[in-house]
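> would you be able to build a 3D model of this:
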Amino acid sequence: MMFSARKRNRRKPERSGRSFSLAWLKPALAGGLQSALGLAGMMIGLGIMVWGLALAFDRPIGQVEVGGQFQRVAPVQIEEVVAPFRGAGFLSVDLDALRAALESIPWVDRARVERRWPNGVRVFITEHVAVARWGEAGLMNTRGDLFLRHSRHIPAELPQLVGPAGTEAQVAQLYLKTYPRLLAVGMRLSQVELDARGAWQLTLGNGARVRLGRQDVEARLERFISMASQVVAQRAAEISYVDLRYSNGFSIGWNTPTRFAQGAEDATPDA
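Numbers count the residues shown, from 1 in each chain. Below is the predicted model:
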């Protein structure tokens with residue numbers, strides 16, 4: 001009986017009446033929302049200010065300054081190209097498009113364009129340097145590019161390059177490699193010709209022709225410079241042509257009946 005009474009007198013543990021609440025987050029959320037709205041408003045205001053400044057500074061192009069050393073390009077040609085861009089703004093003008101338009105002018109090799117505060121554009125022009133003529137009226141630059149096909153003014157001192165259509169770069173490459181080497185041994189190159197069969201011929205300043213043929217052109221040219229050029233230099237006025245189309249020598253055609261050949265007396269020229 002005592003055990004039973006003791007059992008009845010035990011008190012059951014009380015349950016807690018507390019519950020979890022997010023009420024404390026409300027002020028934080030409200031403050032964060034206000035901060036976000038304030039930041040967004042500030043960014044919008046900043047964007048409007050930048051846009052306004054851009055409009056204020058994006059004035060129409062009013063001044064074009066041209067620099068560079070050029071003789072063939074006329075100022076009126078540059079003005080005609082720049083004119084359509086004057087309506088564009090200082091900040092919004094397409095400099096790449098203007099540069100491409102300037103480089104389309106005959107004799108303009110490269111153009112550089114930059115903005116000049118507060119409403120101007122500065123243009124730097126580099127002209128092509130003509131080093132040879134192609135055919136009768138074309139002009140080629142120092143890189144071997146045919147930059148004018150029909151020029152009205154051809155400098156008389158320019159060497160002439162001749163070849164079938166589409167071989168301009170090939171002929172120019174041989175000329176650019178050969179010209180300084182001949183100059184080093186006292187000879188001026190006046191013409192490089194590639195015929196329809198693929199045979200090469202050089203013409204020197206004194207009118208003498210150097211026949212290289214179609215095969216082993218570089219080796220034959222080397223043979224002429226190292227061997228035949230000495231004879232040509234000594235008796236240039238007497239020589240009509242030098243034929244390198246032999247396996248191990250060359251022959252010379254004279255303006256007089258004199259005959260001279262080295263390593264080619266009984267040989268027949270190759271292609």
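
> residue boundaries of the helices in the stretch 101-250 of the chain?
Under the criterion DSSP state H, counting those that start in this stretch, the stretch 101-250 of the chain contains helices at 168-184, 217-223, 229-234.

> rebuild those helices as CSV, extending it with mean neighbour count and mean pLDDT.
The way it works is simple: take the backbone N, C-alpha and C, and place the C-beta from them, glycine included. Converted to CSV, the helices of the stretch 101-250 of the chain look like this (neighbours: other C-beta atoms under 10 Å; pLDDT from 0 to 100):
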stretch, mean neighbour count, mean pLDDT
helix 168-184, 16, 95
helix 217-223, 16, 94
helix 229-234, 15, 86
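
> distance to Val121 added to those helices, as JSON lines?
Below are those laid out as JSON lines (distance: least, C-beta to C-beta, whole Å):
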{"stretch": "helix 168-184", "distance to Val121": "35"}
{"stretch": "helix 217-223", "distance to Val121": "48"}
{"stretch": "helix 229-234", "distance to Val121": "53"}
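
> in terms of helices and strands, where is Asp96?
Assessed by DSSP states H and E, Asp96 sits inside helix 95-103.

> so how far is that helix from its chain's centroid?
Mean-position distance between helix 95-103 and its chain equals 14 Å (C-alpha atoms, centre = their mean, to the nearest Å).

> who's in contact with it?
With contact meaning C-beta atoms under 8 Å, 6 or more residues apart in numbering, helix 95-103 is reached by 78, 81-82, 85, 108-115, 121, 123, 125.

> next: stretch 156-166.
Contacts for stretch 156-166 (C-beta under 8 Å, 6+ apart): 130-135, 139-140, 168, 170-172, 175, 179, 189-196.

> now a ChimeraX select for only the buried ones of those residues.
Buried residues within the contacts of stretch 156-166, by 16 or more other C-beta atoms under 10 Å, are selected in ChimeraX with:
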select :130,131,132,133,134,139,140,168,171,172,175,179,189,190,191,192,193,194
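
> please name the nearest non-neighbouring residue to Phe124.
Leaving aside its chain neighbours, Phe124 sits nearest to Arg112 (4.2 Å; criterion: C-beta to C-beta, 6 or more residues apart in numbering).

> how about Met140, what does it touch?
130-134, 146-147, 161, 168, 172.

> mind doing that once more with 6 Å?
132, 134, 146, 172 (C-beta atoms under 6 Å, 6 or more residues apart in numbering).
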